[in-house]
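*Asks:* predicted model, plus sequence, below.
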Amino acid sequence: MKRLRVGVIYGGRSGEHEVSLASAASVIANLDKKRYEAVPIRIEKDGRWTLPDRPPTALSAADVIGQARLDAARSARASREVQMLARPGGDTLLTFDRPGSDPGIHLERTPVTGLALDVIFPVLHGPYGEDGTVQGLLELAGVPYVGAGVLASAVGMDKAAMKLVFAASGLPTPDYVVVRRRDWLARPDEAIATVTARLALPVFVKPANLGSSVGISKAKDVDGLRTALALAAEFDRKVLVEAAVPGAREIECAVLGNERPEASVPGEIIPSREFYDYEAKYLDAGSELLIPAPLTADQVDTVRRLSVAAYRALDCEGMARVDFLLSRDTGTIYLSEVNTIPGFTTISMYAKLWNASGVSYPQLIDRLIALALERHAEKQQLRISMT
């Protein structure tokens, strides 16, 4: 049987570039070589697409930062650049050798090779990858791809837009205020006054369009709020300020599927720090993952029901991880956010939740590729012309 050629796109122009390397390394290492041929496709931080001389090798979050530097150095020496053809049919990518970095080298004088791919597995976290931009390019290219489409990816990346969808769908979420970067830079005192008039401190301050807890702070007083807003505004044009849930427990649930999504058993994160920030996720080994989460049967049912409801509200497909905050004080369960391309190492929460639900990591990859092909086949049946 002919093997499927799977393009694994990773890296990207975002603050989550390094995290993506570990996700891609795990996917490539666990693709069944009898069924799939992996084609690593790396997007550099400057936006160049390359075929690296070797795939990423950091398989765990603990190794990702140090290994990322080594992989970056190797990738910098790679000379095979690729461009995706934004049209269906035939070759998916054009590959060419661009010796050195001489901007005077003309592409028309460079040998160009076509490369056809059967399906794309994007493991891009953050802007320019998880936010619908690459998904739009893949739609133009007419190639099947794993994960959410353009709309769900875009809304799932923008925490402020996601909050509006949650509210319109009647889904519970903490109160919040959105601060525009331009307003913060022009009138910082007014921005702080707007936040404190609506929300009681402490609050969490987040870049609206970023993940992996990059740029997130907990502000306990006005000085802390000022510092947190300044930090978040370095990463995005919109900043989300969210009310802190009293005595919050961090609960996560994995969802898988297209038209009939399924929810995994829930898990709980016990952060090594005050909250699950970037350092607690990737640099500090002290955080714990409890799978299944110690919840009552009713709480488990609520989390799984809300996970599927949030997934459908955003029109997700393929996969997503849904994050919750459970108040120890009141027992209220709040939706925090939906991640359309969650961390995808073998020890990431998404994979571990499905493993605890009876779906191994290799089986998960198989299911996701099958879902991508299924969705693509269905879309091919749609009319694109009135004639």
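*Replies:* Received it, and whenever you're ready, just let me know what you need.
*Asks:* how about the residue of the chain most remote from its centre, what does it touch?
*Replies:* Outermost residue of the chain with respect to the C-alpha centroid, by CA atoms, centre = their mean, is residue 387; its distance is 39.1 Å. If a contact means CB atoms under 8 Å, 6 or more residues apart in numbering, then residue 387 has no contacts. Quick note: C-beta positions are derived from backbone N, CA and C, even for glycine.
*Asks:* count the neighbours of the spatially closest residue to residue 122 that is not a sequence neighbour for me.
*Replies:* Sequence neighbours aside, residue 9 is the residue nearest to residue 122 in space, at 4.8 Å (criterion: CB to CB, 6 or more residues apart in numbering). Using other CB atoms under 10 Å, residue 9 is surrounded by 26 other residues.
*Asks:* which SS class is residue 121?
*Replies:* At residue 121 the chain is in strand, as set by DSSP: H, G, I helix; E, B strand; the rest coil.
*Asks:* what bridges to it?
*Replies:* Beta-bridge partners of residue 121, counted by DSSP bridges, are residue 8.
*Asks:* ok, it touching residue 5?
*Replies:* No - Residue 121 is beyond contact range of residue 5, at 11.1 Å (criterion: CB atoms under 8 Å).
*Asks:* among those two, which residue is more densely surrounded?
*Replies:* The residue with more neighbours, out of residue 121 and residue 5, is residue 121; 29 against 15, by other CB under 10 Å.
*Asks:* and that one, how far from residue 365?
*Replies:* Distance, residue 121 to residue 365, by CB to CB, to the nearest Å: 8 Å.
*Asks:* pLDDT below threshold where in the stretch 1-150 of the chain?
*Replies:* Applying pLDDT under 70 to the stretch 1-150 of the chain flags residues 58-79, 98-111.
*Asks:* which residues of it fall in helices?
*Replies:* 17-30, 64-77, 133-141, 150-157 (DSSP state H, counting those that start in this stretch).
*Asks:* which neighbours do residue 121 and residue 365 have in common?
*Replies:* Shared contacts of residue 121 and residue 365 (CB under 8 Å, 6+ apart): residue 27.
*Asks:* what separation is there between residue 170 and residue 272?
*Replies:* Relative to residue 272, and taking CB to CB, residue 170 is found at 35 Å.
*Asks:* compare these two (neighbour count), which wins?
*Replies:* Taking neighbours as other CB under 10 Å, residue 170 and residue 272 compare with residue 272 leading, 16 against 8.
*Asks:* residue 178 in helix, strand or coil?
*Replies:* strand.
*Asks:* and it, what does it touch?
*Replies:* Residue 178 touches 160, 208, 238-241, counting by CB under 8 Å, 6+ apart.
*Asks:* so which helix or strand takes in the residue nearest to it when sequence neighbours are not counted?
*Replies:* Excluding the flanking residues, the one nearest residue 178 by CB to CB, 6+ apart is residue 160, at 4.7 Å. Using DSSP states H and E, residue 160 maps to helix 159-168.
*Asks:* now do that helix: distance to the chain's middle.
*Replies:* Helix 159-168 sits 17 Å away from the centroid of its parent chain (CA atoms, centre = their mean, to the nearest Å).
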